[in-house]
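Asks: Fold the following and give me the result.
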Amino acid sequence: MPSQRITCIGIGNMGAALAKTLLDAKTPLTIWNRTANRPRVASLVEAGAEFDADIKSAIAKSDDVVIICVLDYDTLYLAFSPIDSSPSSLAGKTIVNLTNGSPRQAREAESWMKARGAARYFDGGIMVTPQLMGTPHAFVVYSGEDEESFSGVSGRLAPLGNAHYEGSDAGAAAILDNAALAAMYGMFQGAFTGMGLLKRQKGQPGGGHGDAKVGPAVDKVMVPLLTALVPYVGLIAKSADDEQTWDDSQGNPLGMQLAGVKNILRSCEEEGVDGRGLDFIRSLMQRAVDERGEDGGIAAIGKYLVK
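Replies: I've put the predicted structure just below:
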């Protein structure tokens, strides 16, 4: 039995990677992109995709599933502007929206698509870079409808990577996606502060002028430390769920950690590195110490972030 045709809307960095992965899995594919003459579009057509410059026609060619992956929701609605408000416009289609956005945007998109006839709406978050799409590392979170409905379409999406269904709320995947990305960018922020200090290291080429080489120290010390601390994030999460455990420092009392962060900030000030990104967490740690004492765990600061 031949595979059912899928339509992919959006051929940017990630959209092209999604389309290429589906083509590699022998999925019949129609693609649409606002700019037709991009090299990525031509490459996919050469690989077997059918390009349709009319978004309504491109959607109609899908047997069921329409995958959307564009820059943001403004771009999504601009792309779909030719789709009128008639409930027949997307009749019977299963919309899988992999555009990164907020939970509210996902829920609003669900309402918008269903008002135009979509039978099912799933929102998703891609948890890898485009280069890793189609590899064993590829991982996508989904939400919307119910688990039984998702199981009916999950086989069509299987080439994109391991799937995790989060729940019926269309915004659930966006929450999970953005939560993970927040941790990632928080790590990047701290890493850049550390690299700024390394660039000031005297005795290295350019040291003291802000252009010392940072790669060796990052590889030898920073990456192993971050790797070793990944399980600690899980322990913090378990403690964050149970206020009764906030006084358990797990061997790393908050007062000690606060002193360490203050030393980092002092080093930044002395060496001419902007440490404001870390100063925010210092303020939360100080607040927790003032309210609960120095012996508790760092999980206690999480409550200050929830308004």
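Asks: Any buried residues in stretch 216-235, and which?
Replies: Within stretch 216-235, the residues scored as buried using 16 or more other Cβ atoms under 10 Å are 217-218, 222, 235. C-beta coordinates here come from the backbone N, C-alpha and C atoms, glycine included.
Asks: which of those residues lies closest to Glu110?
Replies: Taking Cβ to Cβ as the measure, Glu110 lies nearest Leu235 of the buried residues of stretch 216-235, at 35.4 Å.
Asks: In this structure the closest one contacts Gln250, no?
Replies: Yes. Using Cβ atoms under 8 Å, Leu235 makes contact with Gln250 at a distance of 6.1 Å.
Asks: List phi and psi for Met285.
Replies: The phi/psi pair for Met285 (degrees, to the nearest 10) reads phi -60, psi -40.
Asks: can you pull up the bridge partners for the residue nearest to Ile6 when sequence neighbours are not counted?
Replies: Leaving aside its sequence neighbours, Ile6 sits nearest to Val65 (Cβ to Cβ, 6 or more residues apart in numbering; 4.8 Å). Counting by DSSP bridges, Val65 is bridged to Thr94.
Asks: circling back to that earlier point, of the buried residues of stretch 216-235, which is the nearest to Ser102?
Replies: Of all the buried residues of stretch 216-235, Ser102 sits closest to Leu235, with 28.8 Å by Cβ to Cβ.
Asks: which one's the longest strand in this protein?
Replies: In the chain, taking DSSP state E as the definition, the longest strand is strand 120-126.
Asks: which residues of this structure score low on pLDDT?
Replies: The chain contains residues with pLDDT under 70 at 1-2, 203, 207-210.
Asks: Do a quick rundown of the helices in it.
Replies: Using DSSP state H, the helices of the chain run over 13-24, 39-47, 55-60, 73-79, 103-115, 147-157, 172-199, 215-217, 223-240, 254-271, 276-292.
Asks: closest to Met127 out of those?
Replies: Set against Met127 and scored by Cβ to Cβ, the helices of the chain come closest in helix 172-199, at 6.4 Å.
Asks: Next, the angle from that closest one to strand 120-126.
Replies: Using axes from the mean of the first three to the mean of the last three Cα atoms, to 10 degrees, the inter-axis angle of helix 172-199 relative to strand 120-126 is 10 degrees.
Asks: still on that earlier bit, for the longest strand of the chain, which strands pair with it and how are they oriented?
Replies: In the sheet, strand 120-126 lines up against strand 94-97 (parallel), strand 139-143 (antiparallel) (DSSP bridges).
Asks: Pro28 and Lys61, how far apart?
Replies: According to Cβ to Cβ, to the nearest Å, Pro28 and Lys61 sit 9 Å apart.
Asks: Give me the common contacts of these two.
Replies: Taking Cβ atoms under 8 Å, 6 or more residues apart in numbering as the criterion, Pro28 and Lys61 both touch Arg5.
Asks: got the contact list for Phe150?
Replies: Residues in contact with Phe150, defined by Cβ under 8 Å, 6+ apart, are 122, 142, 144, 165.
Asks: Please report how far it lies from Val221.
Replies: Noted for Phe150: a distance of 43 Å to Val221, by Cβ to Cβ.
Asks: next one: Ala170
Replies: For Ala170, the distance to Val221 (Cβ to Cβ) stands at 43 Å.
Asks: Ala36 too?
Replies: Distance, Ala36 to Val221, using Cβ to Cβ: 49 Å.
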